[in-house]
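In: okay, predicted coordinates and the sequence, questions at the end:
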Amino acid sequence: MSIALHILSPEGTLVRADVSLVSLPGIVSPFTVLKGHAPLVTALVEGDVRYVEDGAEKRLHIREGFVQVKDNVVSVCVEV
């Protein structure tokens, strides 16, 4: 089982993928979400959202946003 990653912006859906991990630029410090992560809602600061899809690391630079983690779904709303 993997993590469902949804990255949305006012312009539309930027990423919809099944990934093995997601690293996010948290407001206090960067953090990584793995399968089974505890539920979480937090703000994001400017930086890179890194994720691994099919063994390949991908990145998306964001200006700011919010993330919700719940039941192996990571929903990210960002400004790019």
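Out: Perfect, thanks for sending it.

In: shaky segments in this protein?
Out: When residues are selected by pLDDT under 70, those of the chain lie in 1.

In: you'd agree Val15 is up against Ser9?
Out: No: with the criterion set as C-beta atoms under 8 Å, Val15 and Ser9 do not qualify as a contacting pair; they are 9.9 Å apart. Where C-beta positions appear, they are placed from N, C-alpha and C, glycine not excepted.

In: how deep is the closest residue to Ile7 other than its chain neighbours tucked in, by neighbour count?
Out: What sits nearest to Ile7 in space, not counting adjacent residues and going by C-beta to C-beta, 6 or more residues apart in numbering, is Val15, at 4.0 Å. Burial measure for Val15: 18 neighbouring residues, criterion other C-beta atoms under 10 Å.

In: which other residues reach the helix or strand that contains Val15?
Out: Remark: Val15 resides in strand 12-19, with elements defined by DSSP states H and E. The set of residues that contact strand 12-19 without belonging to it, under C-beta atoms under 8 Å, 6 or more residues apart in numbering, is 2-8, 51-53, 60, 78, 80.

In: so what secondary structure elements neighbour the helix or strand encompassing Val52?
Out: Per DSSP H and E: Val52 is located in strand 47-53. Where contact means 3 or more C-beta pairs under 8 Å, 6 or more residues apart in numbering; DSSP states H and E, strand 47-53 is packed against strand 12-19, strand 21-25, strand 56-62.
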